[in-house]
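A.B. asks: Have a look; sequence and predicted model below, questions after that.
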Amino acid sequence: MQRQWWVVAGVAAVMLWFFISIEPVLMPFFVSMVLAYLSDPLADRLEARGLSRRLSVTLVFSLLSLVIILTLLLVVPILWRQLGQLIESLPVILNWFQSSVVPRIQSLTGMDLSTDIDQMRQTLVDNWKETGTVAATLLSQVSRSGLALVAWIGNIALIPVVTFYLLLDWDVIVGKIRNSLPRKWEPATVRLAGECDEVLSAFLRGQLIVMLCLGVIYAIGLSLLGVRFGLLIGMLAGLASIVPYLGVIVGISVAGVVAFFQFGDWLILLGVAAVFGFGQVVESVVLQPKLLGDKIGLHPVAVIFAVLAGGKLFGFTGVLLALPVAAMIMVVLRYLHEHYKNSTLYDDGVTSIQDKESQ
């Protein structure tokens, strides 16, 4: 038995080393796995209604492609334009902050912040000037490295192809993996896999929908108020909502500064607060209970740590995998903790002694 565990540990170590070694080429495959995992339930529902698997997958894949293409054509250009306008406005906002806010802070606290603000403003202006040449520098480097350009385009082109075939054979792959498990491990593994699927489906599907809905609510509300960069700030706040309360903190801070600088009226801050307050009410009353419930259980600190650790270890691929892996690790730790509480290591002899003392 001990030898078998050593074999399992050795195989796992070799697989981990292999994946780390080929990490640069894994990104399109991991993206495809996530897309196939998110789309499989819809394909299963269409298949249950009498459609063939191939036709179901084709319909789901076409719908997914249409959503992605429309997003790239309609939303991304607006976000990119607003991002450029926001970067251009930052030096002006910082100058206003230095001339209007800093003197009041100095009069109230006696702290001299002018030197720090000057350094911050100079650094911001220098970096802003440099950002104008980023695209040109990137294009020049790509043009000098045709092989890198071909590899990048190839990775992007692989995503729809791999996604289609993974989605087509998803149930077959899952069935073969289950049949390959050792028979004595299958019940526990299937149970853990089911719990992991509940957590992942709640997080990936539910949290993504919550983030999207909040981003839309914030973007529409800020745009109706006439706040500049409303779409950009709203969508960024929606993305930041992956960590509880981080989205509303970031969004209301940035939107408040931009709105006050734009209108020069303190009353506009009440409108900004109302937009984000409405988003929080919708999230608490409708989105969280309906889409997430209590299935995730990932602490906000664990979310932050997982994202930072994944990015540090595996780059962009690690960021993509951080939260799903953290969710699965959480399920496994709960399973081990349950076994630990039922083991003799936890209460060996203590329970019997307490029973005797009570008698």
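C.D. replies: That came through, no problem.
A.B. asks: Leaving out chain neighbours, which residue sits closest to K312?
C.D. replies: G318 (7.2 Å; Cβ to Cβ, 6 or more residues apart in numbering). No exception for glycine: its C-beta is placed from N, CA and C like everyone else's.
A.B. asks: Around that neighbour, how many other residues sit close by?
C.D. replies: Neighbour count of G318, defined by other Cβ atoms under 10 Å: 19.
A.B. asks: now the one 3 residues further on
C.D. replies: By the other Cβ under 10 Å criterion, the neighbourhood of L321 contains 18 residues.
A.B. asks: shouldn't it be in contact with V31?
C.D. replies: No - L321 lies out of contact with V31 (Cβ atoms under 8 Å); the separation is 10.3 Å.
A.B. asks: Could you pick out the longest helix of the protein?
C.D. replies: Secondary structure assigned by DSSP state H gives helix 300-341 as the longest helix of the chain.
A.B. asks: The residue nearest in space to the middle of the chain: what's it in contact with?
C.D. replies: In the chain, the C-alpha nearest the mean C-alpha coordinate belongs to I242, at 6.0 Å (Cα atoms, centre = their mean). Residues near I242 by Cβ atoms under 8 Å, 6 or more residues apart in numbering: 207, 211, 303, 323.
A.B. asks: Pop the domain breakdown of this protein in here.
C.D. replies: What automatic domain parsing lists as the domains of the chain is 1-181, 188-337.
A.B. asks: Let me have the ones you listed in TSV, adding mean pLDDT and distance to S343 as columns.
C.D. replies: Shown next, in TSV, are the domains of the chain (pLDDT from 0 to 100; distance: least, Cβ to Cβ, whole Å):
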stretch	mean pLDDT	distance to S343
domain 1-181	73	17
domain 188-337	80	10
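A.B. asks: Among these, single out whichever gets nearest to T344.
C.D. replies: In terms of Cβ to Cβ, the element of these nearest to T344 is domain 188-337, at 15.3 Å.
A.B. asks: Could you pull out the buried residues of the host helix or strand of L79?
C.D. replies: For L79, the element it lies in under DSSP states H and E is helix 76-96. Residues of helix 76-96 classed as buried by neighbour count (16 or more other Cβ atoms under 10 Å): 79, 82, 86, 93-94.
A.B. asks: now for the residues you listed, which pair is the farthest apart?
C.D. replies: Greatest spatial distance among the buried residues of helix 76-96 (Cβ to Cβ): L79 and L94, at 22.5 Å.
A.B. asks: Which residues does stretch 43-56 contact?
C.D. replies: Stretch 43-56 has contacts (Cβ under 8 Å, 6+ apart) with 57, 59-60, 167-168, 170-171.
A.B. asks: If you could redo that for stretch 176-186, that was the one I meant.
C.D. replies: By Cβ under 8 Å, 6+ apart, the surrounding residues in contact with stretch 176-186 are 189-190.
A.B. asks: from the contacts of stretch 43-56, which ones fall inside helices?
C.D. replies: Residues of these located in helices (DSSP H): 57, 59-60, 167-168, 170-171.
A.B. asks: Just the buried subset of those, please.
C.D. replies: 57, 60, 167-168, 170.
A.B. asks: Need these in CSV (columns: distance to D40).
C.D. replies: Below are those laid out as CSV (distance: Cβ to Cβ, whole Å):
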residue, distance to D40
V57, 9
V60, 8
L167, 6
L168, 10
W170, 5
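A.B. asks: Check those against L232 and report the nearest one.
C.D. replies: After measuring those against L232 - Cβ to Cβ - the closest member comes out as V60, at 30.3 Å.
A.B. asks: Tell me which residues touch the closest one, please.
C.D. replies: Neighbouring residues of V60 by Cβ under 8 Å, 6+ apart: 39, 42-43, 46, 167.
A.B. asks: Show me the residues you listed that map onto helices.
C.D. replies: Counting by DSSP H, those contribute 39, 42-43, 46, 167 to helices.
A.B. asks: what's the most distant pair in the residues you listed?
C.D. replies: Most distant of the ones in helices among the contacts of V60, by Cβ to Cβ, are L46 and L167, 11.6 Å apart.
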